[in-house]
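# Need a 3D model of the following:
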Amino acid sequence: MKSLMLLTQWLLNEMGNQLGICTARDSDTLESRIEKEGISFLTITLPTYCQGVELALAKGRLVPNDLPGFRFRQGLPVFLQGFLERIFDRGTGECLSTMDVDVLAAVRQLTRLHSKIELRATEARQWKALHSYVQTDQEIVATWDESGSSRLTRVAAVLFGELLAPLERSLWEGDYSSFMPKHGPGATSDRLVGNQKFLDSRWTRRLDVVFPAGEFLLVSHRDRDSLSRVRFLDPGEELPVRVTLVPKTLKTPRVIAMEPTAMQYAQQAVLGYLTDGIRHDRLLRGLIGLNDQVPNQELAKEGSISGLLATLDLSEASDRVSMELVETVFARFPHFLEVLKATRSTHASLPPEYNKGITIPLRKFASMGSALCFPVEAMVFLTIIVSALLESGVFTRLGPKQLYSLQGSVRVFGDDIIVPTRHAVDVIEELEAFGLKVNRHKSFWTGKFRESCGKDWYDGHDVSYVKTRRPFPNHIRNAEEVISLVSLRNQLYMAGYWETCRRLDQKIAEVLPHFPIVYEASSVVGRHSVVFEPLAERICAKHHKALVNGYVVKAQIPINKLDGMPALLKIFLQKGKDGGIPEFRQKRSLESLFPMLDAEHLERSGRPSSVKLKKRWAPLV
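I've put the predicted structure just below:
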């Protein structure tokens, strides 16, 4: 905690020097409040302070209720008053027409620096997060009327007709060539990792109806004898998802659910179809993002300048998309809906610390952790948005021409949503009418501040901030902390906080003896610089490359051997150049597949069991 406090003070002092603001009293306040409140002042209180400033920007005026817990004097809070008086009028609290955007960027950087640090929340906060997960699931019930349901169904039919109609036909004909099953990298509820997942012999009865085991678990039909080893699980025998907590913020940990291996395998097949289909659909690729956040970020920038676009954020987005809502949206696509139901886990097992690890039935479509959670919720949100625009009279009829006109003003990336400002309230009301919850503290449709997909803008100026991800390391053996600290240092350097970086360099040198200046593309953990050129210390005699002596990241992949037919299946499941068609359904030579895979992929697999820093000679670039 002392290191985090020092970093914050260094940054505060440098900001004051750069902007000509006295920060002596702010530094004293910072130290005294950390002493009284602990690390929560840095990780919870200061981000809440920033949230209040952002809300004031949206309203156009700062009032004491925006910053609870901070004393006001002459219309502005005492803490960081030297900064805020360049953003708000000292007497009235109103936003200045000649606001200093650099000051706003500095305030956001300082107050949100530690907002995302990966530390374990208190037991009380963990219990609260789990209780909220359970309570939210119990609350999501269908409350919308029949007209709302029919409108959603009709909108979805027009939106996703070109994407899902071919799939409906293929599923009706029993053609599964559009699907590419694969095992994801994440943990599973049955605790199988890496190559072990290919040895899993469980398949559910529900899955077998839509995805026959013979089509998805066998290399070829000549291996049908292997089906005798498959255990088909009845609904009552299926494994539930395993709910766990991962660090998000110290205030609220993130609740995720690990899917059973068989479910994850089937979900990835559907995900591949949706991802490829949306990417090639001329309409949907302009309205939905599944991999690329940049379009959302650019639209948020445009909205901050023109004021014509609003950015909306949803709370508990995945946990509030009910199965009933998904059924309503995709009612015109019965075969696809049957696939979604079959690949959806119906129960969740809670951690032991919550009511002794009870298992609960799920009303939500999917928890965060399902491969289909992200794309399906994006499709649902887009449907509701278009429904709201249709209901508010933006267009009188619904057709491709009207939908194409929305490109550039409507876009969904997960729970980050862009909509026209003049219809933002209509969209919010429609979202909440279908059981969703809009986060008013992170949604902006007034003022000049906008945020979406990790980029924050004010009147076209980038006011995003650098985040501390991990605590400071004590030893080079704390490899992940060392890597995180070096990344933080380099990001702050590129943001222009060079004096703070000079002090961080001294801190890093205590645990990392060799810390050379390197290019960004180098594998060496080193410093980035725009003033000094990286210098080669040696030339590789074999490849004639410039080398530098330093520490590189060495990740140890666990030993996880695979052979026989499961090994052949892994090779054949690699994605080809033709799109999402599995290799075992294409006529290609076996030799052509091997360049796609690491040479040791059948010997080692899974996520690294450990990460270490090893000193060696490595290329400068």
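# gap between the helix or strand of the chain with the lowest mean pLDDT and the chain center?
Between all helices and strands in the chain, the lowest mean by mean pLDDT, DSSP states H and E belongs to helix 564-572, at a mean of 83. Counting by Cα atoms, centre = their mean, to the nearest Å, helix 564-572 is centred 31 Å from the centre of its parent chain.
# now stretch 196-209
Remark: stretch 196-209 is offset 28 Å from the chain centroid, using Cα atoms, centre = their mean.
# Just the terminal-to-terminal distance for that stretch.
Start to finish, the residues bounding stretch 196-209 are 25 Å apart (Cα to Cα, to the nearest Å).
# Name the residues of it that are buried.
Along stretch 196-209, these residues count as buried under the neighbour rule (16 or more other Cβ atoms under 10 Å): Gln196, Lys197, Phe198, Asp200, Arg202, Trp203, Thr204, Arg206, Leu207, Asp208. Placement of C-beta: from N, CA and C, glycine included.
# Max pairwise distance over the residues you listed: which two?
Largest separation among the buried residues of stretch 196-209 by Cβ to Cβ: Gln196 and Arg206, giving 23.1 Å.
# Neighbours of the closest residue to Met494 other than its chain neighbours, how many?
Computed as Cβ to Cβ, 6 or more residues apart in numbering, the closest residue to Met494 that is not its neighbour in sequence is His528, at 6.9 Å. The local packing of His528 (other Cβ atoms under 10 Å) involves 18 other residues.
# let's have the chain start at 875 instead
In the new numbering, first residue 875, that becomes His1402.
# Surely His1402 and Tyr1367 touch.
Yes - contact criterion Cβ atoms under 8 Å: His1402 and Tyr1367 qualify, at 6.0 Å.
# dump the residue contacts of the closest residue to Lys1341 other than its chain neighbours.
In this structure, Lys1341 finds its nearest non-sequential neighbour in Lys990, 4.5 Å apart by Cβ to Cβ, 6+ apart. Residues counted as contacts of Lys990 (Cβ atoms under 8 Å, 6 or more residues apart in numbering) are Lys1122, Thr1123, Lys1341, Thr1342, Arg1343.
# Low-confidence stretches in the stretch 1325-1474 of the chain?
For the stretch 1325-1474 of the chain, applying pLDDT under 70 flags the ranges 1449-1473.
# Going along the chain, name the strands of it.
Listed in chain order, the strands of the stretch 1325-1474 of the chain (DSSP state E, counting those that start in this stretch) span 1329-1332, 1335-1336, 1412-1413, 1420-1430.
# which stretches of the stretch 1075-1224 of the chain form helices?
1079-1084, 1087-1090, 1135-1154, 1168-1180, 1197-1203, 1208-1216 (DSSP state H, counting those that start in this stretch).
# could you give me the average pLDDT of the longest one?
Throughout helix 1135-1154, pLDDT has a mean value of 94.
# just the fourth one next, same as before
Looking at helix 1168-1180 alone, the average pLDDT works out to 96.
# So which elements touch it?
Helix 1168-1180 sits against strand 1183-1189, strand 1285-1287, strand 1290-1294, strand 1323-1326, strand 1329-1332, with contacts defined as 3 or more Cβ pairs under 8 Å, 6 or more residues apart in numbering; DSSP states H and E.
# Try it again at 6 Å.
Applying 3 or more Cβ pairs under 6 Å, 6 or more residues apart in numbering; DSSP states H and E, one finds that helix 1168-1180 contacts strand 1183-1189, strand 1285-1287, strand 1323-1326, strand 1329-1332.
# Give me the distance between it and the centre of its chain.
In this view, helix 1168-1180 has its centroid 19 Å away from the chain centroid, taken as Cα atoms, centre = their mean.
# cool, the longest one as well?
Put simply, helix 1135-1154 sits 18 Å off its chain's centre (Cα atoms, centre = their mean).
# What residues of the least confident helix or strand of the chain count as buried?
Residues of helix 1438-1446 classed as buried by neighbour count (16+ other Cβ under 10 Å): Pro1440, Ala1441, Leu1442, Leu1443, Lys1444, Ile1445, Phe1446.
# and of those, the nearest to Ile1291?
For the buried residues of helix 1438-1446, the nearest to Ile1291 is Lys1444 (37.9 Å; Cβ to Cβ).
# Not counting residues beside it along the chain, what's closest to the closest one?
Of all residues not flanking Lys1444 in the chain, Phe1072 sits nearest, at 5.5 Å (Cβ to Cβ, 6+ apart).
# Tell me if I am right that the one you found is in a helix.
Yes - assigned with DSSP: H, G, I helix; E, B strand; the rest coil, Phe1072 falls within a helix.
# quick one, helices of the stretch 1225-1374 of the chain?
According to DSSP H, counting those that start in this stretch, the helices that the stretch 1225-1374 of the chain contains are 1247-1265, 1274-1278, 1298-1307, 1353-1368, 1372-1383.
# Run through who's touching the third one.
Counting contacts by Cβ atoms under 6 Å, 6 or more residues apart in numbering, the residues outside helix 1298-1307 that touch it are Trp1018, Ala1184, Ile1258, Ile1259, Ala1262, Ser1266, Val1293, Val1312, Trp1319.
# buried set for it?
Using 16+ other Cβ under 10 Å as the test for burial, helix 1298-1307 gives Ala1298, Asp1300, Val1301, Ile1302, Glu1304, Leu1305, Ala1307.
# now do the second one
Buried positions in helix 1274-1278, judged by neighbour count with 16+ other Cβ under 10 Å: Gln1276, Leu1277.
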